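*Asks:* Predicted model, plus sequence, below.
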Amino acid sequence: MEAFEYTSLDSQGKQKKGLIQADNEKQARQLLRNQQLTPVQVVQVVDRFIETSNPENRTQRLSMKKTELPLIIRQMATLVQAGLPLDDALKTLVEQSETKSSERILSTIHAKVLEGQSLAAAMRIFPKAFDELVVTSIEAGESSGHLEAVLLQLADYLETRDEMGKQSMTALIYPLILVFTAIAVVAGLMVYIVPKVIQVFESTQVQLPLATRTLIAMSDFLASYGLYLLVLFVLIVIVFIGLQNYPPFRLSWHRFLLRIPVLGRLIRVSQAARFTRTLGILTQSAVPIVSALSLARQVVNNEVMRQACDEVATAVREGSGLAQAMKNTGQFPPLSIKLVHSGEQSGQLSQMLVRTAVVQEKDVENKLKTLISAIQPLAILFVGLMVLFIVLAMLLPIFQINTIIN
């Protein structure tokens, strides 16, 4: 059975679009006629979006919003936990889909499952919607007969990952807005307001204070070269983004980030938390440790940490213990190594890996809050000092002129 996207006309001649499941296009058209609909166009979803030999059309592969995946996995886990057969659970998800893209994806997966394929095999058709971690975990869950437990673990993991990303962005929004607003206001004052006020002081032929002369020089520089500086800044950003696709530069940049005193430790711990949580979920899903290590490295963004994960995978493949392999790289936090070692000793490695991730994520959350709480007053102080400098530079000549007059 396949999923077909159709365009049809009802008895009143109104156009109607939707999805229907059938064994072939002919049956899909007949099912539409049985519903008193006249089929205009019937296209198989997989044929239209996936199975194409044209490289230019491969970019049309369906995907879903980043926030949709945790919700879909959670809903699927809840429905399966409630005792619904997998095909009924998928049908319910299709009916509850909020976007056309997710409706097409879930409808195709439902059709493939009804056809006899496994859930993981059906999900592999849509690599942009379901990454290898999700598919491999579900595949292991289906093989071991613990699909319900795996879905619940995946839902928890995806929600936690999504929440951490949201917290980081939310925490940074206010300081960034404050700093950029301050820079824009100060630049506007320097370019448009300060020159007009300074003209009054220059006409007095009085030796201006150093602060005022500095302000005039800065104002003249911004007025003359401000636009060029803005263009240069944009070019630097574009070049920097482009160089991120160049592996040696990306590796050097990521190594530099890890060496920054506070930020480096924050990145290291957060990346280690991603690695251990993913590894814990995969091993709990009965994925072999070597395969789990190869998959867990994919969620690590920092190239230096990713190389460390590769070294761990190689060492474990050669017979080394996981904790010792992590220690030998010199990149993982000591706490995570100790917890993993205790998990190996107690025979509860999977549970300890997840617990390690929880501890590290809490540590990152607390340190991020501390960092943001420090950035906000510093940003306010920066704005205050800039405004104070401008005000003093404009008031000092007035005081000086009054002294001369008196």
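*Replies:* It's in. Residues are numbered from 1 along each chain as shown.

*Asks:* Can you point out the buried residues in stretch 246-264?
*Replies:* Residues of stretch 246-264 classed as buried by neighbour count (16 or more other C-beta atoms under 10 Å): 253-254, 257-258. C-betas here are computed from N, CA, C, even on glycine.

*Asks:* any chance of the residues you listed in JSON lines, plus distance to Ile267 and secondary structure?
*Replies:* Listed next are the buried residues of stretch 246-264 as JSON lines, based on distance: C-beta to C-beta, whole Å; DSSP: H, G, I helix; E, B strand; the rest coil:
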{"residue": "Trp253", "distance to Ile267": "12", "secondary structure": "helix"}
{"residue": "His254", "distance to Ile267": "8", "secondary structure": "helix"}
{"residue": "Leu257", "distance to Ile267": "6", "secondary structure": "helix"}
{"residue": "Leu258", "distance to Ile267": "6", "secondary structure": "helix"}
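
*Asks:* Just the closest of the residues you listed to Ala374, please.
*Replies:* Checking the buried residues of stretch 246-264 against Ala374 with C-beta to C-beta, the nearest one is Leu257 at 18.6 Å.

*Asks:* Surely that closest one touches Leu266?
*Replies:* No - contact criterion C-beta atoms under 8 Å: Leu257 and Leu266 do not qualify, at 9.7 Å.

*Asks:* In stretch 313-323, which residues are buried?
*Replies:* So stretch 313-323, judged by 16+ other C-beta under 10 Å, has buried residues 313, 315-316, 322-323.

*Asks:* Now do the same contact list for Ala129.
*Replies:* 62-64, 69, 105, 123 (C-beta atoms under 8 Å, 6 or more residues apart in numbering).

*Asks:* pretty sure it belongs to a helix, no?
*Replies:* No - according to DSSP: H, G, I helix; E, B strand; the rest coil, Ala129 belongs to no helix; its state is coil.

*Asks:* What about it? Give its phi and psi, please.
*Replies:* Main-chain dihedrals, Ala129, degrees, to the nearest 10: phi -90, psi -40.

*Asks:* and the gap between it and Ala122?
*Replies:* Ala129 sits 11 Å away from Ala122, going by C-beta to C-beta, to the nearest Å.

*Asks:* before we move on, which element is the residue nearest to Thr67 when sequence neighbours are not counted in?
*Replies:* Closest residue in space to Thr67, ignoring its immediate chain neighbours: Asp162 at 6.5 Å, by C-beta to C-beta, 6 or more residues apart in numbering. Assigned by DSSP states H and E, Asp162 falls within helix 147-188.

*Asks:* what's the offset of that helix from the middle of its chain?
*Replies:* Distance of helix 147-188 from its chain centroid, counting by C-alpha atoms, centre = their mean, to the nearest Å, is 9 Å.

*Asks:* elements contacting that helix?
*Replies:* Applying 3 or more C-beta pairs under 8 Å, 6 or more residues apart in numbering; DSSP states H and E, one finds that helix 147-188 contacts helix 68-81, helix 132-144, helix 261-284, helix 349-405.

*Asks:* Could you identify which of the ones you listed is most buried?
*Replies:* helix 261-284 (a mean of 22; mean count of other C-beta atoms under 10 Å).

*Asks:* and the angle for that one with helix 349-405?
*Replies:* Between helix 261-284 and helix 349-405, the angle comes out at 160 degrees (axes from the mean of the first three to the mean of the last three C-alpha atoms, to 10 degrees).

*Asks:* Toward the C-terminus, what is the element adjacent to helix 261-284?
*Replies:* helix 289-296.

*Asks:* Show me what the mean pLDDT comes to for the helix or strand that that following helix is followed by.
*Replies:* Once the chain leaves helix 289-296, the next helix or strand it forms, by DSSP H and E, is helix 303-317. On average, the pLDDT along helix 303-317 is 91.

*Asks:* now helix 303-317 and helix 261-284, what's the angle there?
*Replies:* Using the same axes, to 10 degrees, helix 303-317 lies at 40 degrees relative to helix 261-284.

*Asks:* CA atoms of the helix or strand following helix 303-317 as CSV?
*Replies:* Using DSSP H and E, the helix or strand that directly follows helix 303-317 along the chain is helix 322-329. C-alpha atoms of helix 322-329 as CSV (Å, rounded to 0.1, in the frame of the first residue of the first chain):
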residue,chain,number,x,y,z
LEU,A,322,35.0,3.1,27.6
ALA,A,323,36.0,5.2,30.6
GLN,A,324,39.8,4.7,29.9
ALA,A,325,39.3,5.5,26.2
MET,A,326,37.5,8.7,27.1
LYS,A,327,40.3,9.6,29.6
ASN,A,328,43.0,9.0,27.0
THR,A,329,41.6,11.6,24.6
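
*Asks:* and helix 322-329, what does it pack onto?
*Replies:* helix 303-317, helix 334-346.
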